[in-house]
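S.K.: Show me how the following folds:
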Amino acid sequence: MKYTTILWDADNTLLDFGYSMRMALQAAFVHFGMDDFLDDEKIMAYDKINNSWWKRLELGEVTKAELLNGRFVDFFRMYGINDVKPEMYREVFQVELGRHYSYIPGSKEVCQALQGKVKQYVITNGVTATQHSKLSASGFSDIMDGIFISEQIGVNKPGKGFFDAVFAQIPEKDLSKILVVGDSLTSDIKGANNAGVDACWFNPDGRSAGEEYRIIADIQRLEQLFDMLKMEK
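M.R.: So this is what the prediction gives:
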């Protein structure tokens, strides 16, 4: 195989973030006695707000601390929630987010099949405690050779500094043998491009990437990675 090392994104590549988000939102509202508050429309509204904050983080417009509370400040303002402080809700939400997980189809099986054949690492912008909790509960911590979280590194994806810190801590020093696999064009793919390594775009919805990104492979199912790596399942 050409590649000796795979850098995996976590949310929406290995684990279904949408599932964890919905479960955590509901559990946190139940905690504060608002059992019947949440519905599909509110979940979609929060998801849109949350995504906008993460995009701003990637662009360096806000800090992680501003993001963590700011998304709930915006959401609570939208729906006139005054009985719960956003920062109190966020603390419960983060704990619940780390407790609930669901696999992207094939993710664990693919990583298990690659174990011992290539080095595998998680690269994520998520919250440290939350990601460690989810990755441990889901079994990925036992499969991966390491986990790199932007909070601990001090630089967010897609910043080159994040990847430079990762490269400094992994055995492979030949960048041509390192592959990033992720679903986010603006975080994973752009990050790989900034760092000078190949990028495989996990694109289950068959979207168009445009010409600004350098993508070595565009896959709709994670099992397609075997063909790319030229190995048996």
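S.K.: Spatially nearest residue to Leu135, not counting backbone neighbours?
M.R.: Ser141 (4.7 Å; CB to CB, 6 or more residues apart in numbering). Every residue, glycine included, has its C-beta placed from N, CA and C.
S.K.: so the one you found touches Ile147, yeah?
M.R.: Yes: counting by CB atoms under 8 Å, Ile147 is a contact partner of Ser141 at 6.9 Å.
S.K.: Give me the common contacts of the two.
M.R.: Contact with both Ser141 and Ile147 is made by residues His132, Leu135, according to CB atoms under 8 Å, 6 or more residues apart in numbering.
S.K.: Give me the more crowded residue out of those two.
M.R.: Neighbour count, other CB atoms under 10 Å: between Ser141 and Ile147, Ile147 has more, with 19 against 16.
S.K.: in the sheet, who's paired with the spatially closest residue to Ile147 that is not a sequence neighbour?
M.R.: Nearest residue to Ile147, sequence neighbours excluded (CB to CB, 6+ apart): Val122, at 4.6 Å. According to DSSP bridges, the partner residues bridging Val122 are Trp8, Ile147.
S.K.: so how far is Gly196 from Ser52?
M.R.: 29 Å (CB to CB, to the nearest Å).
S.K.: Check what pLDDT the residue nearest to Leu135 gets.
M.R.: Looking at Ser141, its pLDDT stands at 98.
S.K.: Quick check, the residue nearest to Ile147 in contact with Phe148.
M.R.: Yes: between Val122 and Phe148 there is a contact under CB under 8 Å: 6.7 Å.
S.K.: Only alpha carbons, please: show the longest helix anywhere in the chain as PDB.
M.R.: Secondary structure of the chain per DSSP state H: the longest helix is helix 40-58. Backbone C-alpha positions of helix 40-58 (Å, rounded to 0.1, in the frame of the first residue of the first chain) are rendered in PDB as follows:
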ATOM      1  CA  ASP A  40     -37.600  18.400  14.700                       C
ATOM      2  CA  GLU A  41     -37.800  22.100  13.800                       C
ATOM      3  CA  LYS A  42     -35.900  23.200  16.900                       C
ATOM      4  CA  ILE A  43     -33.200  20.500  16.300                       C
ATOM      5  CA  MET A  44     -32.700  21.700  12.700                       C
ATOM      6  CA  ALA A  45     -32.500  25.300  14.000                       C
ATOM      7  CA  TYR A  46     -29.900  24.400  16.500                       C
ATOM      8  CA  ASP A  47     -27.900  22.400  14.000                       C
ATOM      9  CA  LYS A  48     -27.800  25.400  11.600                       C
ATOM     10  CA  ILE A  49     -26.700  27.700  14.400                       C
ATOM     11  CA  ASN A  50     -24.100  25.200  15.600                       C
ATOM     12  CA  ASN A  51     -22.700  24.700  12.100                       C
ATOM     13  CA  SER A  52     -22.300  28.400  11.600                       C
ATOM     14  CA  TRP A  53     -20.300  28.700  14.800                       C
ATOM     15  CA  TRP A  54     -18.000  25.900  13.800                       C
ATOM     16  CA  LYS A  55     -17.400  27.400  10.400                       C
ATOM     17  CA  ARG A  56     -16.500  30.700  12.100                       C
ATOM     18  CA  LEU A  57     -14.100  28.700  14.300                       C
ATOM     19  CA  GLU A  58     -12.400  27.200  11.300                       C
END
